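[1] Give me a model of this one.
(chains A and B)
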Amino acid sequence: KQEVTQIPAALSVPEGENLVLNCSFTDSAIYNLQWFRQDPGKGLTSLLLIQSSQREQTSGRLNASLDKSSGRSTLYIAASQPGDSATYLCAVRSTNAGGTSYGKLTFGQGTILTVHP
Amino acid sequence: DTEVTQTPKHLVMGMTNKKSLKCEQHMGHRAMYWYKQKAKKPPELMFVYSYEKLSINESVPSRFSPECPNSSLLNLHLHALQPEDSALYLCASSQVWTIQETQYFGPGTRLLVL
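    Below you'll find the model as predicted:
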């Protein structure tokens, strides 16, 4: 059974800092890994998706890396801003025995990020 | 249009009521999902539909009844709920399980069961 862990559970930083959020998963047979952002009481917004064959993806100030063999992913946020304050969720889509996927995402518990001015 | 819409935004119901949640997307996605999210917890998958057929039921109690009447609509019928069913209910949609599949989430329906 896939288990996803995110560290730290909460992070508070001053504006302008670069920061790293960590995600680890127990089963390396993954299809892809996604990072989401969730604002309080709202739905999830997909930030980056890394396919199992890829090592990293970049979008603006965000960079996500994937090391499938060690079961780890990191989300790097450069030059953080107060508007980045939100909960960041890592989600893994695993493969089944046939190497395909049924679309089920397993989420980590999330990292609550606060960027203060 | 990359939007998933959900109605209503908020719902309060008694334990004897029957209500329905609605989800709609017009991105041509053929996979649709219901998730339940309790406060300060990650979303938990409830149901997955692909090509309008139920493909995953994560052992959800029968008081939750999903329905996919067409490729754009997903409903969740609620009956005889318990107070512990109070949560944010999220709908999502995606292409059917390509390796680049991204799930697009709606804003959710916040449900309170009294």
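
[2] contacting residues for the closest residue to chain A within chain B?
    Nearest to chain A in chain B, going by C-beta to the nearest C-beta, is B:Pro42, at a distance of 3.6 Å. For glycine as for every other residue, the C-beta is placed from the backbone atoms N, C-alpha and C. By C-beta atoms under 8 Å, 6 or more residues apart in numbering or on different chains, the residues touching B:Pro42 are A:89, A:107-110.

[3] Take those and write them to CSV, including pLDDT, distance to A:Pro8 and neighbour count.
    Formatted as CSV, the entries for the contacts of B:Pro42 read as follows, by pLDDT from 0 to 100; distance: C-beta to C-beta, whole Å; neighbours: other C-beta atoms under 10 Å in any protein chain shown:
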residue, pLDDT, distance to A:Pro8, neighbour count
A:Leu89, 97, 14, 24
A:Phe107, 94, 16, 22
A:Gly108, 95, 12, 25
A:Gln109, 95, 11, 16
A:Gly110, 96, 10, 23
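
[4] out of those, which touch chain B?
    The subset of the contacts of B:Pro42 within reach of chain B, counting by C-beta under 8 Å from any C-beta of the partner chain, consists of A:89, A:107-110.

[5] Which ones among those residues lie within strands?
    Secondary structure from DSSP state E places A:89, A:107 of those in strands.

[6] Hmm, A:Ala86 and A:Gly110 touching each other?
    No: between A:Gly110 and A:Ala86 there is no contact, the gap being 9.5 Å when judged by C-beta atoms under 8 Å.

[7] quick one: common contacting residues for those two?
    Taking C-beta under 8 Å, 6+ apart as the contact rule, the neighbours common to A:Gly110 and A:Ala86 are A:Gln38.

[8] what does the helix or strand of chain A with the lowest mean pLDDT rub up against?
    Within chain A, judged by mean pLDDT, DSSP states H and E, the helix or strand with the poorest mean is strand A:105-107; its value is a mean of 90. Residues from elsewhere that reach strand A:105-107 (C-beta under 8 Å, 6+ apart): A:2-4, A:25, A:34, A:89-94, B:42-45, B:103.
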